[in-house]
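*Asks:* Sequence plus the predicted model coming up.
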Amino acid sequence: AFVEGELLPVINGYWERAEFPQALLPAFAKVGVAGTTVRGYGAPGLTGFQTGLVTLELSRGDGSFNTINALQSGLVMGTLDRFGNEEQKQRWLPPLARLDKLGAFGLTEPQHGSDSVGLETSARRSGDGYLLSGAKRWIGMGHIADVVIIWARDEA
């Protein structure tokens, strides 16, 4: 129903204007699939098969909109779910699942693409945080994200 009633009637206009379809997010949030396989924290905890059906249907409507969901659900929420501490999960996963907050994922580098083995960006502990050094490319949704997952090699 979301693809037919909300996405298909307007998505080509967003493509032509090269605009992020922000206005579609509240209707998409009501579908309740953001976070796909993440369990708890307001995410649906879908099976791999169910996630594939979501992917199929969103891609039928618009491949780029499916990419938005894949980025939000898998690369951002999935990474937080797998590697984040409990405070990070409590802080970020519920608003990401509601699409109240958006995430971005920074892996791709100028010399290596998305080859994580060749990762050159480094992180060095500095006080309570880390100092990052390196370059990233093509951080999808980085211009509007509330949280950004940056992949870096710990110097330690």
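*Replies:* Cool, the structure landed. Numbers count the residues shown, from 1 in each chain.

*Asks:* any idea which helix or strand comes after the top helix by length along the chain?
*Replies:* Taking DSSP state H as the criterion, the chain has its longest helix at helix 48-61. Per DSSP states H and E, the first helix or strand lying C-terminal to helix 48-61 is helix 63-70.

*Asks:* Okay, buried residues for that following helix please.
*Replies:* 65-70 (16 or more other Cβ atoms under 10 Å). In short, each C-beta sits where N, CA and C put it, glycine included.

*Asks:* what does stretch 11-23 give?
*Replies:* 11, 14, 21.

*Asks:* now swap in stretch 25-37 and tell me
*Replies:* 25, 28, 31, 33-37.

*Asks:* next one: stretch 91-100
*Replies:* 91-99.

*Asks:* picking up where we left off before, could I get the buried residues of helix 63-70 as TSV with pLDDT?
*Replies:* Output for those, formatted as TSV (pLDDT from 0 to 100):
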residue	pLDDT
Phe65	97
Asn66	97
Thr67	95
Ile68	95
Asn69	97
Ala70	96
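
*Asks:* In those residues, find the pair that's most separated.
*Replies:* Phe65 and Ala70 (9.8 Å; Cβ to Cβ).
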